[in-house]
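# Okay, here's the prediction I keep looking at, along with the sequence it came from:
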Amino acid sequence: MTNVRLSRRLAPGWLRVQICWIVPAVATWLVVSWEVARPQPWRDEVASWSVATRTVPEILALGKNTDGVLVPYYLFLHYWISWWGDSVAAMRIPSMVAMTATAAAVALLTRRFWGNKAGMLAGLLFAVMPAVARYGQEIRGYALATLFATLATLALASALEKSAWWRWVLYSLCVALMGTSHLLSVLLLAGHLVMAIVLGWWFGRWRILWWVLAAAAGLSAILPLTQRGLGQQSEQLNWLDPATPKVLAEVAGAIFVVPLVGGVVIGLAVGALWRERASAAALIWVSALLPVGLLYAYDQLVSPIFVGRYLLFCVPLVCALAGATLSVLRLPLALVAVLAIGALGVPAQLSMRRDHSGTDYRSAAQVVLNNARPGDGIIYEPRDGWQFVDLALGYYLRDRAPRDLLLQSTELQNASLWATECTDQVKCIGNTRRIWVVAADYSGSPFPFRASPTNELPYGANSVIDRYYVPLVTWRVSGITIALFVRPPTV
């Protein structure tokens, strides 16, 4: 009793509530902002930049052909770039802010059921997750979807406990923003349905109807995205194979990035089922598990779609449960436990600060910049895959890139992410004296291979280069081969 009175004198109730969410938010900002500009954009981030730097009509036109479900994020990023520029750090700030706000939301959600101490521990645990650092530095909508999914869960818990029209409007808005940030995050609504039925039965059955109306209003905003996404799924996810039971068994490692960290946090989260408010823990567990099961079922029965990062929005819920379990410890010991769990992810944290993929677009672009001459031409390969060599080098080279020899129509003209190459490649190459070939490795299944200077060239270009050009020098950077061919003066 003396300790409780002392803690209340040292930190009044209102201050403890603020500390509960401010400390995790500050910790998360420090984590996600550390070396945010060092890892170069990987292919998905390059795609985000390519689309967001187009005009609004061009973005909308692209959405009719591909990435329709991502159009809201692309439009948001378009206006963000118009204000803050397209540096790597600037484009990653929205995700950094979203993850920071998510840490605060995790703390407040946990506090609602298990108190200030549990809330702060849950938020701090979320802050040290490698997945938070990885996708808090990603130029995609995953962090925003995670934020709005957590806010939607918090808003639902609040509305079910104390029903008011404005609480349901807030919940509906969070659902809409969640779905427009990343469509698959609406799978969380399956867990929300269970939560609404159970808590509505306790607090008042009219609340179930309120949930149905609020959820329907939120979903109505994303219905066009759903229709478009279903129509484009085969093209957007053609690189996926159906998930195996082994993939499902390892999903915790995929979601949490580091399997050991995921296993420890999940183990702690299970412990919340034996704490007070075990029914709340069970409902949060249902909300975290149902999306995993539904995504796997869709993957098996309809079309391959089971990707760990698509379930990132489950991480805050599991951290909330783990924080509830840790709160049974004295605060100093609980903080040591959080630090120990964070230490397990340090190697991954350091690795993701170096790069986000094994393809070094930046170094490839630097090779071309350092050695190109006026009048040079360049060929990017492959042009029809997901490596986006031309888009990525375009980010670094801008108007200093050699002439794109095989280009017939740009990705903007095609309202797509892919350019079209000319059919008469002999004519397109013409009498160009020096030709750069930038070729990315193929890492897909079933037979990944390393790019050579010519093994990915189309037949026409390969024939011309083989007959009329000699290789001058070849460079190799991670994931990419760069070769310079020269046409002898006598040819």
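Structure received. These figures come from a predicted structure and were not determined experimentally.

# And the strands in the stretch 301-450 of the chain?
For the stretch 301-450 of the chain, applying DSSP state E, counting those that start in this stretch gives strands covering 377-381, 403-404, 407-409, 420-421, 434-440.

# partner strands of the longest one, parallel or antiparallel?
Spelled out, that is strand 434-440. Paired strands of strand 434-440, with direction, are strand 377-381 (parallel), strand 480-486 (antiparallel) (DSSP bridges).

# Need the winner for burial among those strands.
Of all those, strand 377-381 carries the top mean neighbour count, a mean of 25, counting by mean count of other Cβ atoms under 10 Å. To be clear about C-beta, it is placed using only N, CA and C from the backbone, and glycine gets the same treatment.

# Give me the mean pLDDT for it.
For strand 377-381, mean pLDDT is 96.

# who's in contact with that strand?
Contact with strand 377-381 is made by 368, 389-390, 393, 401-406, 429, 432, 434-440, 451, 456-458, 461, as judged by Cβ atoms under 8 Å, 6 or more residues apart in numbering.

# now do stretch 214-222
Residues outside stretch 214-222 that contact it (Cβ under 8 Å, 6+ apart): 159, 168-169, 171-176, 178-180, 183, 186, 189, 192-193.

# Just give the nearest non-adjacent residue to Ala280, would you?
Nearest-residue entry for Ala280: Phe113, 4.4 Å, with adjacent residues in sequence omitted and distances by Cβ to Cβ, 6 or more residues apart in numbering.

# Val128 now?
Gly342 (3.1 Å).

# Is there a neighbour count for Arg354? I'd like the number.
Per other Cβ atoms under 10 Å, the neighbour tally for Arg354 reads 10.

# I misspoke; the intended subject was Gln227.
12.

# Pull the contacting residues for it.
Gln227 touches nothing, counting by Cβ under 8 Å, 6+ apart.

# any idea how far it is from Gly68?
In this view, Gln227 and Gly68 are 9 Å apart by Cβ to Cβ, to the nearest Å.

# distance of the residue nearest to Val128 from Leu335?
Per Cβ to Cβ, Gly342 is found 11 Å from Leu335.

# who's more crowded, the two?
For Gly342 versus Leu335, the count of surrounding residues by other Cβ under 10 Å is larger for Gly342: 19 against 15.

# the bottom helix or strand of this structure by mean pLDDT?
Least confident helix or strand, the chain: helix 2-10 with a mean of 44, by mean pLDDT, DSSP states H and E.

# right, and the helix or strand after that one?
With elements assigned by DSSP states H and E, the helix or strand that comes after helix 2-10 is helix 13-33.

# contacting residues around the closest residue to Thr481 other than its chain neighbours?
Excluding its sequence neighbours, the residue lying closest to Thr481 (Cβ to Cβ, 6+ apart) is Ala451, at 4.4 Å. Residues in contact with Ala451 (Cβ under 8 Å, 6+ apart) are Glu381, Ala439, Ala440, Asp441, Tyr442, Ile480, Thr481.

# Dump those to JSON lines, plus distance to Glu250.
Conversion of the contacts of Ala451 to JSON lines gives the following (distance: Cβ to Cβ, whole Å):
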{"residue": "Glu381", "distance to Glu250": "33"}
{"residue": "Ala439", "distance to Glu250": "32"}
{"residue": "Ala440", "distance to Glu250": "27"}
{"residue": "Asp441", "distance to Glu250": "25"}
{"residue": "Tyr442", "distance to Glu250": "24"}
{"residue": "Ile480", "distance to Glu250": "29"}
{"residue": "Thr481", "distance to Glu250": "32"}
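
# Confidence-wise, which of those comes last?
Tyr442 (86).

# ok, that one - contacts?
By Cβ under 8 Å, 6+ apart, the neighbours of Tyr442 are Pro382, Gly385, Gln387, Pro448, Phe449, Ala451, Glu456.

# redo that, cut-off 7 Å
Residues in contact with Tyr442, defined by Cβ atoms under 7 Å, 6 or more residues apart in numbering, are Pro448, Phe449.

# what does Cys428 give?
With Cβ under 7 Å, 6+ apart, Cys428 has these contacts: Leu405, Leu406, Cys422.

# And these, which is closest to Thr359?
Nearest to Thr359 among the contacts of Cys428: Leu406, at 20.7 Å, using Cβ to Cβ.

# ok, that closest one to Ala282 distance?
Leu406 sits 59 Å away from Ala282, taking Cβ to Cβ as the criterion.

# Those two - which one has more neighbours?
Counted by other Cβ under 10 Å, Leu406 and Ala282 do not tie: Leu406 has more neighbours, with 23 against 16.

# how close does the nearest residue to that one once chain neighbours are set aside sit to Trp475?
Leaving aside its chain neighbours, Leu406 sits nearest to Glu421 (4.2 Å; criterion: Cβ to Cβ, 6+ apart). Glu421 sits 23 Å away from Trp475, going by Cβ to Cβ.

# Comparing these two, which shows the higher neighbour count?
A count of neighbours by other Cβ under 10 Å puts Glu421 above the other of Glu421 and Trp475, at 21 against 18.

# Determine how far the strand or helix carrying Pro94 lies from the middle of the whole chain.
Using DSSP H and E, Pro94 sits in helix 88-114. The chain centre lies 14 Å from the centre of helix 88-114; the measure is Cα atoms, centre = their mean, to the nearest Å.

# Quick check: mean pLDDT of that helix?
The model assigns helix 88-114 a mean pLDDT of 97.

# tell me the angle of it relative to helix 13-33?
Angle of helix 88-114 versus helix 13-33, following axes from the mean of the first three to the mean of the last three Cα atoms, to 10 degrees, is 150 degrees.

# in the following helix or strand past helix 88-114, what counts as buried?
Per DSSP H and E, the first helix or strand lying C-terminal to helix 88-114 is helix 116-127. Judged by neighbour count using 16 or more other Cβ atoms under 10 Å, the buried positions of helix 116-127 are Asn116, Lys117, Ala118, Gly119, Met120, Leu121, Ala122, Gly123, Leu124, Leu125, Phe126, Ala127.

# and this structure, what are its domains?
Listed domain ranges for the chain are 2-354, 361-486 (source: automatic domain parsing).

# which residues touch Arg309?
The neighbours of Arg309, taking Cβ under 7 Å, 6+ apart as the test, are Tyr135, Tyr142.

# Ignore what I typed, I meant Leu189.
By Cβ under 7 Å, 6+ apart, Leu189 lies in contact with Ala215.

# in what helix or strand does it lie?
Here Leu189, judged by DSSP H and E, is contained in helix 188-203.

# What mean pLDDT does that helix get?
pLDDT averaged over helix 188-203 gives 91.

# For it, buried residues please.
The neighbour-count check on helix 188-203 (16+ other Cβ under 10 Å) flags Leu188, Leu189, Ala190, Gly191, His192, Leu193, Met195, Ala196, Val198, Leu199, Gly200 as buried.

# Give me the spatial nearest neighbour of the residue positioned nearest the centre of the chain, chain neighbours excluded.
The centroid of the chain falls nearest to Tyr142 when counting by Cα atoms, centre = their mean (3.9 Å). Distance criterion Cβ to Cβ, 6+ apart; nearest residue to Tyr142, sequence neighbours excluded, is Tyr135 at 4.6 Å.

# Look up how far Leu147 lies from that neighbour.
Distance of Tyr135 to Leu147, computed by Cβ to Cβ: 11 Å.

# With Asn462 instead?
Relative to Leu147, Asn462 is positioned 48 Å away (Cβ to Cβ).

# okay, these two: which has more neighbours?
Leu147 (27 against 18).

# who's in contact with the more buried one?
Ala98, Ala101, Thr102, Ala105.

# Just the buried residues of stretch 166-173, please?
Neighbour counts over stretch 166-173 (16+ other Cβ under 10 Å) mark Arg167, Trp168, Leu170, Tyr171, Ser172, Leu173 as buried.
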